[in-house]
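J.: turn this into a model:
(2 chains)
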Amino acid sequence: KNEVEQSPQNLTAQEGEFITINCSYSVGISALHWLQQHPGGGIVSLFMLSSGKKKHGRLIATINIQEKHSSLHITASHPRDSAVYICAVRSGEYGNKLVFGAGTILRVKS
Amino acid sequence: NAGVMQNPRHLVRRRGQEARLRCSPMKGHSHVYWYRQLPEEGLKFMVYLQKENIIDESGMPKERFSAEFPKEGPSILRIQQVVRGDSAAYFCASSPNSQYINPEAFFGQGTRLTVV
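T.: Okay, the predicted model is just below:
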């Protein structure tokens, strides 16, 4: 079992749809990151969370520390949102290194 | 204020050659992390460095791989005698202070190494 599980693995949506990507982890963490990676491109850090909720434009990230679960939401999705979305956690259990999920491949069709 | 700069963006090496990947952290950042992304796999931690000091190299393969972050200049990830299995994207991230204080991690564009 991976330390960080993401679902779904692949997601296809129509432009304008509300999208949710989920991330579950198994240990106590000090922080959780949501990252975005375009094909052949670099990695952009979208959010770092240790509690609650953060919003940036059409992106919203939430975390439930008790349930060890985080969600990334995209409102009014657009084809330019097509990318791989990666959840990563930092924990003393992992020597304070970032441990990454496998990623969710999102494709938004126009 | 330039972000994390990695070069080259693409590197092709023949089997047995050496590969040198460079990472210049963001201005004011003294902590550098290297990660590897193998084809069809997720990112994996390799090494964490501060200037002139390796803090954690638990993710580095035991042989052929080394990393440094000198007092002046970029951090270097060096792969000796490359093999086809080293083909991957190598990402660098930097932070302004210790990772133990939940820093934001800023990532570079990556170096895509292809071994032929």
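J.: CA atoms for contacts and neighbours, from now on please.
T.: Noted.
J.: what's the closest non-adjacent residue to the closest residue to chain A within chain B?
T.: Closest residue of chain B to chain A, Cα to the nearest Cα: B:Q109 (3.8 Å). With Cα to Cα, 6 or more residues apart in numbering or on different chains as the criterion, B:Q109 has its nearest non-adjacent residue at 3.8 Å, and that residue is A:G42.
J.: show the pLDDT at the one you found.
T.: pLDDT, A:G42: 87.
J.: so who does the residue nearest to the spatial centre of chain B touch?
T.: Chain B has B:W34 as the residue nearest its centroid, 3.5 Å off, counting by Cα atoms, centre = their mean. By Cα atoms under 8 Å, 6 or more residues apart in numbering or on different chains, the contact set of B:W34 is B:45-48, B:77, B:90-93.
J.: check the gap between the nearest residue to it once chain neighbours are set aside and A:N96 for me.
T.: Closest residue to B:W34 apart from its sequence neighbours, by Cα to Cα, 6+ apart: B:C92 at 4.6 Å. Applying Cα to Cα, to the nearest Å, the value for B:C92 to A:N96 is 17 Å.
J.: what of A:A102?
T.: Counting by Cα to Cα, the gap from A:A102 to A:N96 is 19 Å.
J.: low-confidence regions, the chain specifically.
T.: Picking chain A for this. Within chain A, the stretches with pLDDT under 70 are A:1.
J.: you answered for a different chain; I wanted chain B.
T.: The model of chain B has pLDDT under 70 over residues B:1-2, B:98-104.
J.: for the residue in chain A that chain B sits nearest to, give me its contacts.
T.: Closest to chain B within chain A is A:G42: 3.8 Å, counting by Cα to the nearest Cα. Shown in contact with A:G42 (Cα under 8 Å, 6+ apart): B:107-110.
J.: swap in B:Y90?
T.: Per Cα under 8 Å, 6+ apart, neighbours of B:Y90: B:34-37, B:110-113.
J.: backbone dihedrals for it, please?
T.: Torsion angles at B:Y90 (phi, psi; degrees, to the nearest 10) stand at phi -110, psi 120.
J.: show me the beta-bridge partners of it.
T.: B:R36, B:T111 (DSSP bridges).
J.: quick one on the thing from earlier: so between B:C92 and A:N96, which is more surrounded?
T.: Shown here are B:C92 and A:N96; by other Cα atoms under 10 Å in any protein chain shown, B:C92 has more neighbours (32 against 18).
J.: tell me where chain A has strands.
T.: Secondary structure of chain A (DSSP state E): strands at A:4-7, A:10-14, A:19-25, A:31-37, A:43-49, A:52-56, A:59-64, A:69-74, A:83-90, A:98-100, A:104-109.
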